[in-house]
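In: Mind looking at a prediction? Sequence and model below.
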Amino acid sequence: MGIQPTSLASLLDGDLLLVAAVNIFLWAWVQWVPSRVVQVSRLFRGARGLALPGLILVAGEPNPTLLDHERVHILQMRKWSPLGVACILAWHYLIGTLIVRLRTGSWPGLWERWQACPLEVQAQQPEQQAEAAIRVNTRGLRERNQGRS
Ligand SMILES: [Zn+2]
């Protein structure tokens with residue numbers, strides 16, 4: 001017995017392979033299936049919108065500016081893949097926050113980190129929003145809103 005040489009196959013087995021497979025599935029989903037817009041009563045920490053692979057959650061009445069912003073996030077998932085976006089967010093909110101702490105000596109607030117997040121900065125830009133004029137599925141919203149009136 002001794003230390004076995006590590007092969008690529010053994011590195012890619014189990015959990016890592018599952019994560020890669022789920023990411024490829026979700027990546028294909030955001031590429032080809034229009035994201036469904038779903039209205040919810042409220043979101044985490046008062047957020048007005050949240051883009052997930054194939055799903056845009058909006059708190060309260062959706063407005064065009066909010067949907068344009070969330071569409072940019074869907075485009076970011078198309079470009080970087082859902083796992084890629086998760087890695088960018090993890091880097092920004094974990095490592096980036098630690099770097100700010102080391103540089104300034106104080107912990108930045110979540111709002112401050114959100115404003116500095118490169119994905120959010122990009123999603124705020126009107127030219128990026130214009131580019132992100134992708135189709136989303138608001139059919140459920142329209143039906144619900146028509147049902148109310
Ligand atoms: Zn955003």
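Out: Okay, I see it. Keep in mind that this is a model prediction, so the values were computed, not measured. Numbers count the residues shown, from 1 in each chain.
In: is it true that residue 38 touches residue 140?
Out: Yes. Shown here, residue 38 and residue 140 form a contact pair, counting by Cβ atoms under 8 Å, at 6.7 Å. Glycine gets a C-beta too; all of them are placed from N, C-alpha and C.
In: Have a look at those two and say which one is more surrounded.
Out: residue 38 (17 against 12; other Cβ atoms under 10 Å).
In: Need the pLDDT of the closest residue to the more buried one other than its chain neighbours.
Out: In space, residue 38 comes closest to residue 57 once its chain neighbours are excluded; the distance is 5.6 Å by Cβ to Cβ, 6 or more residues apart in numbering. We have a pLDDT of 95 for residue 57.
In: give me every residue that touches residue 57.
Out: 38, 39, 40, 43, 49, 50, 51 (Cβ atoms under 8 Å, 6 or more residues apart in numbering).
In: List the residue ranges of this structure that fall below the pLDDT cut-off.
Out: 1-12, 142-149 (pLDDT under 70).
In: which parts of it sit against the ion?
Out: Counting by Cβ under 5 Å from the ion, the chain comes close to the ion at 120, 123.
In: go again using 8 Å as the cut-off
Out: 49-51, 69-70, 72-73, 114, 117, 119-120, 123-124 (Cβ under 8 Å from the ion).
In: Switch these over to JSON lines; also include distance to residue 102, neighbour count and secondary structure.
Out: Formatted as JSON lines, the residues of the chain next to the ion follow (distance: Cβ to Cβ, whole Å; neighbours: other Cβ atoms under 10 Å; DSSP: H, G, I helix; E, B strand; the rest coil):
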{"residue": "49", "distance to residue 102": "32", "neighbour count": "21", "secondary structure": "strand"}
{"residue": "50", "distance to residue 102": "30", "neighbour count": "16", "secondary structure": "strand"}
{"residue": "51", "distance to residue 102": "31", "neighbour count": "25", "secondary structure": "strand"}
{"residue": "69", "distance to residue 102": "31", "neighbour count": "22", "secondary structure": "helix"}
{"residue": "70", "distance to residue 102": "33", "neighbour count": "26", "secondary structure": "helix"}
{"residue": "72", "distance to residue 102": "30", "neighbour count": "21", "secondary structure": "helix"}
{"residue": "73", "distance to residue 102": "29", "neighbour count": "22", "secondary structure": "helix"}
{"residue": "114", "distance to residue 102": "20", "neighbour count": "15", "secondary structure": "helix"}
{"residue": "117", "distance to residue 102": "19", "neighbour count": "16", "secondary structure": "coil"}
{"residue": "119", "distance to residue 102": "23", "neighbour count": "17", "secondary structure": "helix"}
{"residue": "120", "distance to residue 102": "22", "neighbour count": "16", "secondary structure": "helix"}
{"residue": "123", "distance to residue 102": "27", "neighbour count": "22", "secondary structure": "helix"}
{"residue": "124", "distance to residue 102": "27", "neighbour count": "13", "secondary structure": "helix"}
